[in-house]
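Engineer: How does the following fold in three dimensions:
(chains A and B)
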Amino acid sequence: DIQMTQSPSSLSASVGDRVTITCRASQGIRNDLGWFQQKPGKAPKRLIYAASTLQSGVPSRFSGSGSGTEFTLTISSLQPEDFATYYCLQYDSYPRTFGQGTKVEIK
Amino acid sequence: QVQLVQSGAEVKKPGASVKVSCKASGYSFTSSEINWVRQAPGQGLEWMGWMNPNNGNTGYALKFQGRVTMTRDTSIDTAYLELVSLTSEDTAVYYCAREEYDLWSGYYPFDPWGQGTLVTVSS
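Structural biologist: As a prediction, the model looks like this:
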């Protein structure tokens, strides 16, 4: 199975901050990586797929990069509605595997 | 719009089984796979398996093999997850999610998701 190691597990940031979350795959997954946002009591929502393709309707302050084993989600200027938990997902092979999640909290 | 709507919350006793439904609308049900993911209280996301609604093919996470069955009814565009021999550790929100596939571009993962179904296992 491919393990996805996501860091940090949590972070505190202020509105307007630049935030970076990283996912590392235990083996190469090309660019078969997605990023998801989950708010309390809600289903996850896809933000990015194919490592860097922004989902339609998602604000451009969200961006993704990486290929192979190292991937990054960046929020260029954190907004109040961005406080949530973020997960990466590899879909290069089965079983699909998620990162452990990163909780973004208000400083 | 593309939507997945799941059945309501369930309370089950240990040893029982549960069947959760996921009704698709807004797209051709047989054109995309359905994946199931669960989330225990306060925990992360755990992938359980996939099903191809076109031919009924399935693939399950090793952890759930022997206890999980994913099926579908194409006449009503609905996918099902059945989990048997429930224990308290199966208490979780269960989600279905669509995964598209394109011959040239590969997979488009997990969009949209159903709203989730809370399954509580308690004596």
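Engineer: which residues touch residue 70?
Structural biologist: Chain wasn't specified; assuming chain A. For A:Glu70, the contact set (C-beta atoms under 8 Å, 6 or more residues apart in numbering or on different chains) comprises A:22-25. Every C-beta, even on glycine, is put in place using the N, C-alpha and C of the backbone.
Engineer: could you do chain B instead?
Structural biologist: B:34, B:36, B:49-51, B:58, B:60, B:79-82.
Engineer: Could you measure from it over to B:Ser31?
Structural biologist: 17 Å (C-beta to C-beta, to the nearest Å).
Engineer: do B:Asp77 as well
Structural biologist: Taking C-beta to C-beta, one finds B:Asp77 at 11 Å from B:Ser31.
Engineer: More neighbours: which of these two?
Structural biologist: Each of B:Asp77 and B:Ser31 has its neighbours counted (other C-beta atoms under 10 Å in any protein chain shown); B:Asp77 has more, 18 against 12.
Engineer: if you skip the residues just before and after it, what's nearest to the residue positioned nearest the centre of chain A?
Structural biologist: The residue lying closest to the centre of chain A (C-alpha atoms, centre = their mean) is A:Trp35, at 3.8 Å. Take A:Trp35 and drop its neighbours on the chain: the residue closest to it by C-beta to C-beta, 6 or more residues apart in numbering or on different chains is A:Ile48, 4.3 Å away.
Engineer: and after the helix or strand of chain B with the lowest mean pLDDT, which helix or strand comes next?
Structural biologist: Within chain B, no helix or strand scores below strand B:106-108, which has a mean of 90 by mean pLDDT, DSSP states H and E. Counting by DSSP states H and E, the next helix or strand C-terminal to strand B:106-108 is strand B:117-121.
Engineer: hmm, who's touching that next one?
Structural biologist: B:6-14, B:16, B:18, B:20, B:83, B:86-95.
Engineer: hmm, 10 Å instead?
Structural biologist: Outside strand B:117-121, the residues that touch it by C-beta atoms under 10 Å, 6 or more residues apart in numbering or on different chains are B:6-16, B:18, B:20-22, B:38-39, B:41, B:81, B:83, B:86-96.
Engineer: Among these, name the ones in strands.
Structural biologist: Among the contacts of strand B:117-121, DSSP state E puts B:6, B:10-12, B:18, B:20-22, B:38-39, B:81, B:83, B:92-96 in strands.
Engineer: for chain A, what are the nearby residues on chain B?
Structural biologist: B:4, B:6, B:35, B:37, B:39, B:43-50, B:59-64, B:93, B:95-97, B:99-100, B:105-116 (C-beta under 10 Å from any C-beta of the partner chain).
Engineer: Which of the residues you listed are buried? Put it as a PyMOL command.
Structural biologist: The buried subset of those, as determined by 16 or more other C-beta atoms under 10 Å in any protein chain shown, is captured in PyMOL by this line:
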select buried, chain B and resi 4+6+35+37+39+45+46+47+48+49+50+60+61+64+93+95+96+97+99+100+107+108+109+110+111+112+113+114+115+116
